[in-house]
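Visitor: model this:
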Amino acid sequence: MGLPGAIYVGGFSEAWIGIGLLIGTYLNWKIVAHRLRRYSQACGDSITIPDFICNRFRDKTGISRIIAALIILVFFTFYTASGFVSCAKLFTTTFGVPEHIAALGGMSGYTLCLWIGAVVVVSYTLMGGYMAVCWTDFIQGALMFIAIVLVPAIVVCNAGGFASTVDALNEINPYLQSLFTNASTAKAAGFIGLASCMAWGLGYFGMPHILVRFMSIGNPAEVKGSRRIAMSWVTISLGAAVVIGLVFHLYLKQHGLTLADVGGDPEKCFMIMINGIFSSGFIARVFAGILLSAIMAAIMSTADSQLLVSASSFTNDFYKIVLKKNASNRELLVVSRFAVGAVALVAIILAMNTQSEFFKVVMKMVSFAWGGFGASFGPLILLALFWRRVNLVGAVSGMVVGATTCFVWKFALADYAAQYPIFGLYELAPGFLLSFAVTVLVSLLTAKPSKEITDEFDSVRAQFQD
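Guide: Below you'll find the predicted structure:
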């Protein structure tokens, strides 16, 4: 929902986000997946990112685990809130909940839909677990794949084919298909804009819900085949998302509509096109329901992973370490479920803040959470896997600097972007660079890692040299 909306507003120049994500996906699979799988197994068979960081640096104090767990909880709360906002937008667009019905519960139609979506996501996350999420993600991914390719293909066919679509888009706005000019402002994207879009690729190196999948791969030999599947999926889905944002202009023109006529929210473009294309007849409406459920699948396949990783981090990396070290497995299960509910509740409260532009736009929340994770964990994961000299003090310093930079840059410095353009740069870029620099600098200025740590590093590295 976020990327097509951004493409609709800014045109093809926003496709640099997709290009950055495509490059980041490939590099993450190519240089991180296999090594992290083997290293996490060597480090006490770590099952979470905080677990890996703590074991990698032999942190007996547990401070790195606690900080990592808190970062995960904070940024995943924003990320989960974006999923719940997506649910609310989906349900309000699809069902059009009458305000008098919602008023019976003392809430608006948007808020009612927000709660319904959150309950659906949380309920099925609690009933399943990690393997359930993996299987449902596979099925949901297949459904998403069909929907995101089929809908723009129909619009293009209705326009008379690819060439006719290109011509029609040029008539609507000559800058819509420009890689270097923003369609809404007719101004060159500039270095800051392009760098911000490309910086999205850096986020992949620090995404806990992605990295934990690498750690859980049954056989390291499966990484290569998995990378090919992942790259095929990402290339097609990102390309289709870009096309959806572009052809929504054409769809509105074909039906004599403006964005204001359909609610004024560009992030609903995919849903609006589905409802419009499959609007006649019972069979068409059933098919529309299937395609709309693909959007819910996209939301759920992301939100369930976020909730599970958040709960796992709180339970294993905070509760068990700080509050009750001798907790039984049954108690940890109860605490984990409580954590899922708690994170979801805070996310709902954030998503209900419809007066804030930040909490109304899915892309803004996603970009902030994405940036926070990329800046906090990305540099550390890369250095932990490839640099022998990095130590615990450097790791902790880098995580704190990365997370803090994202908050300060987003909510304080970005306000000065009009006066100082550098502050318009996506917070992930400065956060990543500062985190990387601080981790290296502090590691060099403090004691070297112990022989036990360096021997383990050499042992893992030797596996890739044989």
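Visitor: looking only at pLDDT, what's the mean for stretch 361-369?
Guide: Stretch 361-369 comes out with an average pLDDT of 84.
Visitor: Can you get me the centre-to-centre distance for that stretch and its chain?
Guide: Offset of stretch 361-369 from its chain centre (C-alpha atoms, centre = their mean, to the nearest Å): 9 Å.
Visitor: can you list the residues that contact it?
Guide: Residues from elsewhere that reach stretch 361-369, judged by C-beta atoms under 8 Å, 6 or more residues apart in numbering: 1-3, 5-6, 75-76, 78-79, 81-82, 85-86, 89, 200, 267, 357-359, 406, 410, 426-428. For the C-beta atoms, the positions are set from N, CA and C on the backbone; glycine is no exception.
Visitor: Thr93: what's its closest spatial neighbour, skipping adjacent residues?
Guide: Met271 (4.6 Å; C-beta to C-beta, 6 or more residues apart in numbering).
Visitor: wait, Ala284
Guide: With C-beta to C-beta, 6+ apart as the criterion, Ala284 has its nearest non-adjacent residue at 4.2 Å, and that residue is Phe278.
Visitor: right, and Asn275 touches Ala288 too?
Guide: Yes. Counting by C-beta atoms under 8 Å, Asn275 does reach Ala288; the two are 6.3 Å apart.
Visitor: So which bits of the helix or strand where Ile299 lies are buried?
Guide: Per DSSP states H and E: Ile299 is located in helix 282-314. Neighbour counts over helix 282-314 (16 or more other C-beta atoms under 10 Å) mark 288, 291-314 as buried.
Visitor: helices or strands up against that helix?
Guide: Counting contacts by 3 or more C-beta pairs under 8 Å, 6 or more residues apart in numbering; DSSP states H and E, helix 282-314 is packed against helix 63-95, helix 109-127, helix 130-158, helix 208-215, helix 269-277, helix 329-351.
Visitor: Quick one: the ones you listed as JSON lines, columns for mean neighbour count, mean pLDDT and distance to Ile17 too.
Guide: Listed next are the helices and strands packed on helix 282-314 as JSON lines, based on neighbours: other C-beta atoms under 10 Å; pLDDT from 0 to 100; distance: least, C-beta to C-beta, whole Å:
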{"stretch": "helix 63-95", "mean neighbour count": "24", "mean pLDDT": "85", "distance to Ile17": "15"}
{"stretch": "helix 109-127", "mean neighbour count": "19", "mean pLDDT": "78", "distance to Ile17": "25"}
{"stretch": "helix 130-158", "mean neighbour count": "17", "mean pLDDT": "78", "distance to Ile17": "16"}
{"stretch": "helix 208-215", "mean neighbour count": "22", "mean pLDDT": "85", "distance to Ile17": "17"}
{"stretch": "helix 269-277", "mean neighbour count": "22", "mean pLDDT": "86", "distance to Ile17": "16"}
{"stretch": "helix 329-351", "mean neighbour count": "18", "mean pLDDT": "83", "distance to Ile17": "23"}
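Visitor: Compare those helices and give me the one nearest Asp45.
Guide: helix 208-215 (9.2 Å; C-beta to C-beta).
Visitor: Next SSE downstream of that closest one?
Guide: With elements assigned by DSSP H and E, the helix or strand that comes after helix 208-215 is helix 223-254.
Visitor: Next one: the residue nearest to Gly394 when sequence neighbours are not counted from Ala375, what distance?
Guide: Among residues not flanking Gly394 along the chain, Ser443 sits closest, at 3.2 Å (C-beta to C-beta, 6+ apart). Distance from Ser443 to Ala375, counting by C-beta to C-beta, to the nearest Å: 17 Å.
Visitor: again, but for Phe314
Guide: 21 Å.
Visitor: Tell me if I'm right that Ile208 and Ile47 touch.
Guide: Actually, residue 208 is Pro rather than Ile. No. Contact criterion C-beta under 8 Å: Pro208 and Ile47 do not qualify, at 11.5 Å.
Visitor: quick one: least confident helix or strand in the protein?
Guide: Using mean pLDDT, DSSP states H and E, helix 99-103 stands out as the lowest-scoring helix or strand of the chain, at a mean of 52.
Visitor: which strands and helices sit next to the helix or strand hosting Asp455?
Guide: Here Asp455 is covered by helix 451-463, with elements defined by DSSP H and E. Packing partners of helix 451-463 (3+ C-beta pairs under 8 Å, 6+ apart): helix 34-42.
Visitor: what about 10 Å?
Guide: In terms of contacts (3 or more C-beta pairs under 10 Å, 6 or more residues apart in numbering; DSSP states H and E), helix 451-463 is packed against helix 34-42, helix 49-56, helix 362-386.
Visitor: Among those helices, single out whichever gets nearest to Ser397.
Guide: Of all those, helix 362-386 sits nearest to Ser397, with 9.8 Å by C-beta to C-beta.
Visitor: tell me the angle of the closest one relative to helix 282-314?
Guide: Interaxial angle of helix 362-386 relative to helix 282-314 (axes from the mean of the first three to the mean of the last three C-alpha atoms, to 10 degrees): 50 degrees.
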